[in-house]
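Undergrad: here is a sequence together with a model predicted from it:
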Amino acid sequence: MAVGGRGEAVFCTLRNGVTLPMGETLTQAEGEGLPMQSNHTLACSGTAMTQAEKGEQENGKEKEREKEQRGVKRPIVPAAVPEPLQEQIQSDFIVVIHPGSTTLRIGRATDTHPAAIPHAIARRHKQPGQPTYSDKWLVRDGLNKQEGNEQRQNGLKMVDQAIWSKKMSNGTRRIPVLPEQARVYNKQIRPAILDHNSGVKWTNTSQRPEYLVGEEALYVNPADGYNLHYPIRGGQLNLHPGPGGSLTAVLTDLETIWSHVTQKILEIPLKDLKYYRCILLVPDIYNRLHVKEMVNMVLMKMGFSGVIVHQETVCAVFGSGLSSACVVDIGDQKTSVCCVEDGISHRNTRLCLAYGGSDVTRCLFWLLQRAGFPYRECQISNTLDSLLLQQLKENFAHLDQDVCGIQDHEFQVRRPDAPALLYQMRLGDEKLQAPMALFYPATFGITGQKMTYLQHRSQGDAEDPHDEHYLLATQSKQDQSAKAAADRKTLPKPGLYEDSRSFDPQDRGQMQDCDLGMALNGGLVSATDAEEPPAAFYNRKTAMSQFEGKALGLDKAILHSIECCASDDTKKKMYSSILVVGGGLMFHNAQHFLQHRILNKMPPSFRRVVENVEVITRPKDTDPRFLAWKGGAVLACLDTTQELWIYQREWQRFGVRMLRERAAFAW
């Protein structure tokens, strides 16, 4: 290569001896035999060559190596497997599992929608003549007590007052409808026979299968000698003293259901699960022992090669396409509220309310009975009647206060070995009162039960030598004394609280949880929580502990969750994005109803600065029941996900310690 000085010609000498002036290109004849890519020409630039020569002078060896590489012919064809296809193939071998109390949602990460199967199993009696056992669905403890009935009546009075005090959109007052008006008509109704054959059949058990799963389990004839089990209740493993209620039995039921669905619906042979990985969704307020046992089951019993454990609300935010939101997950057995910011579930904002869609269904049944429900044989302890009541709730219940007065309705009852019946009935405000019980939970009439749960510190695990107890015990005495002195300075006075009573042992334990969380530098709380002043942290924790156990209405639970955010900016962000997921609030006008209640009850200071309180119920027209599962599928495709996998060999060697290392949330 020749480089001239000022005023001199600049030439470019190629490998075959051809010399070109600067700026000219090779013709096709001159370029024959040159190591060039097809349909390309080589242009010489004086500036570029000057820089290249400078680089060659600085490092001659590197330049020679580059020239040698430049002389090698390279194909223009694309790579054998393009990157998007590689990602798609990888996602096709990932199964996303979202286990709910009544519905199991499962599918490949590449599926548009998951398969939704009743999360139930019917197991054959081991010995003939055994009494038939069935896990409860609509029936729960704490009902049918005198104080519960009084509480329910008081709750209903508050509901009625809220209904009658609000004007309709046209400015007129609602006209109260007394249940007696509908009862007189409904008591006279007799069913009409639509068909002498209902078309519904009991599940065929002539082959005496050991178990039946999903829809088949629900339609097993009680006389056939099968017990019905729901492995999950209220977001936790359904442990109870009755048949099939031990930890081993519940985990066996889970494994059987998931394995059956994997083979029959996803069409994946169990022997091939070693080529698949699994994303498992768990509640935000989780039981560590239960999560540990489910992970062990997925890896060691079912045989998946790897697993990621993530929280439902965080996945719901992923699935909705939002970055941050106050997530309200209303399921069948529980309702959870949590503030999620940039993929992190803030620990101190998590609330779990021990009521959900099934409680609304049971409340509707009570109101229907009060209004003279014409299907008098209906029993909430009967599985098929429970399914009917669930359907009536979905068809008739609403939160539209513009709908008033008595209206005529009809419904069908189809039972195996019975004719199809058509019932007429009249209903008034019952359709509005039942879903409003979510905001006045006293209407559920549940007594003697803890109705609000918070996330508490782990009680320790023998397999996890690096848990909080170990870390606290191995702190130096100097660190402990310094921390104790700092705590004494930052502890607020008892008189600052609304309730100035002395702490009981439970409160003291929660304060210790706070101390330990601060000592572990965010091991129990998110990074943003750990950075805030300790006094503010204590104030929020104590404010939350006062509400634990009480029956909070849905709107109040949302407000308390948002108020527990660490900064005002985060609170504003949460008020502007309240995401409602799950199937428990899929009523007509629910979005505007909830938005109105939040606006009326939010603190005046935020009412002035928050431009818009937005309640999102169907982001991108997606079914809110599938959002969390969809988020799990999105999670499978993220680059950052690769660090979160817990593989079978690692679990076999290190056990639950891998959850502390790899879980996407503070374990």
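TA: In hand now; what should we look at?
Undergrad: so how far is stretch 572-588 off the chain centroid?
TA: A distance of 13 Å separates the centroid of the chain from that of stretch 572-588, by Cα atoms, centre = their mean, to the nearest Å.
Undergrad: rounded mean pLDDT for it, please.
TA: Per-region confidence: stretch 572-588 scores 93 on mean pLDDT.
Undergrad: let me see the contact set for residue 229.
TA: Residues counted as contacts of residue 229 (Cβ atoms under 8 Å, 6 or more residues apart in numbering) are 120-123, 135, 238, 244, 250, 253. Quick note: C-beta positions are derived from backbone N, CA and C, even for glycine.
Undergrad: SS state for residue 660?
TA: Here residue 660 is helix, with the state taken from DSSP: H, G, I helix; E, B strand; the rest coil.
Undergrad: does residue 663 touch residue 314 like I think?
TA: No: between residue 663 and residue 314 there is no contact under Cβ atoms under 8 Å: 11.3 Å.
Undergrad: and those two? Which one has more around it.
TA: More neighbours surround residue 314 than the other of residue 663 and residue 314, with 23 against 18 (other Cβ atoms under 10 Å).
Undergrad: can you tell me which residues contact residue 555?
TA: Taking Cβ under 8 Å, 6+ apart, we find residue 555 in contact with 439, 594, 597-598, 601.
Undergrad: can you give me the buried ones in the biggest helix by length in the chain?
TA: Using DSSP state H, we find that the single longest helix of the chain is helix 146-165. For helix 146-165, burial by neighbour count (16 or more other Cβ atoms under 10 Å) applies to 148, 151-152, 155-156, 158-160, 162-163.
Undergrad: need the residues you listed in TSV (columns: pLDDT and distance to residue 563).
TA: Listed next are the buried residues of helix 146-165 as TSV, based on pLDDT from 0 to 100; distance: Cβ to Cβ, whole Å:
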residue	pLDDT	distance to residue 563
148	85	30
151	91	27
152	92	29
155	94	24
156	94	29
158	94	23
159	94	25
160	92	29
162	91	22
163	90	27
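Undergrad: give me the number of residues near the spatially closest residue to residue 583 that is not a sequence neighbour?
TA: Spatial nearest neighbour of residue 583, chain neighbours left out: residue 625 (4.5 Å); criterion: Cβ to Cβ, 6 or more residues apart in numbering. Around residue 625 there are 19 other residues, counting by other Cβ under 10 Å.
Undergrad: swap in residue 403?
TA: Residue 403: 15 neighbours (other Cβ under 10 Å).
Undergrad: cool, the one 5 residues further on as well?
TA: Applying other Cβ under 10 Å, we find 9 other residues in the vicinity of residue 408.
Undergrad: tell me which element it falls in.
TA: Using DSSP states H and E, residue 408 sits within strand 407-413.
Undergrad: what do you get for residue 97?
TA: Residue-wise, residue 97 maps onto strand 94-99 under DSSP H and E.
Undergrad: likewise for residue 417?
TA: Going by DSSP H and E, residue 417 is not in any helix or strand.
Undergrad: hang on, isn't it packed against residue 202?
TA: Yes: using Cβ under 8 Å, residue 417 is in contact with residue 202, at 7.4 Å.
Undergrad: which of the two has more neighbours?
TA: Comparing residue 417 with residue 202 by other Cβ under 10 Å, the one with more neighbours is residue 202, at 15 against 10.
Undergrad: count the neighbours of the residue lying closest to residue 348 once chain neighbours are set aside for me.
TA: Spatial nearest neighbour of residue 348, excluding adjacent residues (Cβ to Cβ, 6+ apart): residue 564 at 4.9 Å. Residues near residue 564, counting by other Cβ under 10 Å, number 23.
Undergrad: pull the CA atoms of the longest helix of the chain into PDB?
TA: Extracted in PDB, the C-alpha atoms of helix 146-165 (Å, rounded to 0.1, in the frame of the first residue of the first chain):
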ATOM      1  CA  GLN A 146     -75.200 -17.400  66.400                       C
ATOM      2  CA  GLU A 147     -72.600 -14.600  66.500                       C
ATOM      3  CA  GLY A 148     -71.900 -15.300  62.800                       C
ATOM      4  CA  ASN A 149     -75.500 -14.800  61.900                       C
ATOM      5  CA  GLU A 150     -75.600 -11.500  63.800                       C
ATOM      6  CA  GLN A 151     -72.400 -10.400  62.100                       C
ATOM      7  CA  ARG A 152     -73.900 -11.300  58.700                       C
ATOM      8  CA  GLN A 153     -77.000  -9.200  59.300                       C
ATOM      9  CA  ASN A 154     -74.900  -6.200  60.400                       C
ATOM     10  CA  GLY A 155     -72.800  -6.600  57.300                       C
ATOM     11  CA  LEU A 156     -75.900  -6.700  55.100                       C
ATOM     12  CA  LYS A 157     -77.200  -3.500  56.700                       C
ATOM     13  CA  MET A 158     -73.900  -1.700  55.800                       C
ATOM     14  CA  VAL A 159     -74.200  -3.000  52.300                       C
ATOM     15  CA  ASP A 160     -77.700  -1.800  52.000                       C
ATOM     16  CA  GLN A 161     -76.800   1.600  53.400                       C
ATOM     17  CA  ALA A 162     -74.000   1.900  50.800                       C
ATOM     18  CA  ILE A 163     -76.300   1.000  48.000                       C
ATOM     19  CA  TRP A 164     -79.100   3.300  49.000                       C
ATOM     20  CA  SER A 165     -76.900   6.300  49.800                       C
END
